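K.L.:
Attaching a predicted model along with its sequence, questions to come.
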Amino acid sequence: MMKKYEQLDISGDVGLRVWGQTLEELFAHAAEGMGELVTDTTNVEQTEKKEISLVSENIESMFIQWLNELIFLFDAHGFLGKSFDVHIADLALHAQISGGIYNPEQNESRLLIKAATYHQVSIQKVNSMWEAAVIFDI
């Protein structure tokens, strides 16, 4: 089975390298990986659904906007996504997210992520796989 993502250790921050067979899978794996930086998502119950729609000028911006929308849902509502149904057409993204509310008494606390950054962001197709790298402010 292919790896979906790996954590990158960057001085003072944290990053992810992510893989997917499609752009949609890449975006879903990045969201899963980011959730795992915050807590052990296996203990988050799927009790709620959210939708995110956005339009961007390029794929890197769309990637950063997507992750920052998920960070906003967590910061504002305590919502943590577990499964991500992502659709991308041209430079428009629409996603349905299933997840639950983070409970600090039940869910492990790992990192407090402030934002996904444009610093060294990359998305490229390597052979038949998409690969991305992103750094988060913590």
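P.N.:
That came through, no problem. Numbering: from 1, shown residues only.
K.L.:
Quick check: which ranges of this structure have low pLDDT?
P.N.:
Within the chain, the ranges that satisfy pLDDT under 70 run 1.
K.L.:
The top helix by length along it packs against which elements?
P.N.:
In the chain, taking DSSP state H as the definition, the longest helix is helix 59-77. With contacts taken as 3 or more Cβ pairs under 8 Å, 6 or more residues apart in numbering; DSSP states H and E, helix 59-77 sits against helix 23-38, strand 48-55, strand 79-89, strand 92-101, strand 115-126, strand 129-137. The way it works is simple: take the backbone N, C-alpha and C, and place the C-beta from them, glycine included.
K.L.:
residues contacting the residue nearest the centre of the chain?
P.N.:
Nearest residue to the geometric centre of the chain (Cα atoms, centre = their mean): residue 31, 2.1 Å. Listed by Cβ atoms under 8 Å, 6 or more residues apart in numbering, the contact set of residue 31 reads 66, 67, 70, 81, 84, 97.
K.L.:
Kind regards, and thank you for your time.
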